[in-house]
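**Q** I would like the atomic coordinates for the input below:
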Amino acid sequence: FIAVAPLREVVFSDISGLRQVDMSLLNGCVGLARFACSSCPSLRSVTWRENQGECRLASLEFSDNPWLSRLPLPTFAAISTLTALSCRGCPRLVSPPVEIAEQGGTPTGH
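**A** Coordinates of the predicted model:
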């Protein structure tokens, strides 16, 4: 058995065939602090069927995804450790979404 340090960051970038990201695959990654998925020209949606277990994400980034139109915002809003959500360059998203605006989120530009 080889001990591996906890995964702190997951970054997807420039993946042309990626159409959907299922964040449920990260359930159980309690050490994960940052998730980013940027510059994926075919990305249309991000889902998170159910947030099971403890999640300590501090930062989420979904920038420069021109076709991205859906995010699981109620799930993201329920992550108490989340301090940053970046969606620059995603013209199909309305910003700031109600779930984020109610917590003090503001748009920072496209």
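
**Q** Let me see the contact set for residue 55.
**A** Residues counted as contacts of residue 55 (C-beta atoms under 8 Å, 6 or more residues apart in numbering) are 26-27, 30, 32, 79, 81. Backbone N, C-alpha and C define where each C-beta goes, glycine included.

**Q** again, 7 Å this time
**A** Residue 55 makes contact with residue 79, according to C-beta atoms under 7 Å, 6 or more residues apart in numbering.

**Q** what's the closest non-adjacent residue to residue 15?
**A** residue 40 (4.9 Å; C-beta to C-beta, 6 or more residues apart in numbering).

**Q** Spit out the contact partners of that neighbour.
**A** Residue 40 makes contact with 12, 14-15, 18, 65, according to C-beta under 7 Å, 6+ apart.

**Q** One more: residue 20?
**A** Contacts of residue 20 by C-beta under 7 Å, 6+ apart are 44-45, 47.

**Q** ok, now with 8 Å
**A** For residue 20, the contacting residues are 43-47, by C-beta under 8 Å, 6+ apart.

**Q** Which of those residues fall within strands?
**A** In strands, judged by DSSP state E, the following of the contacts of residue 20 are found: 45-47.

**Q** if I look at the spatially closest residue to residue 58 that is not a sequence neighbour, how far off is residue 92?
**A** Once flanking residues are discounted, residue 58 sits nearest to residue 33: 4.8 Å by C-beta to C-beta, 6+ apart. According to C-beta to C-beta, to the nearest Å, residue 33 stands 27 Å off from residue 92.

**Q** Between the two, tell me which one has more neighbours.
**A** More neighbours surround residue 33 than the other of residue 33 and residue 92, with 15 against 12 (other C-beta atoms under 10 Å).
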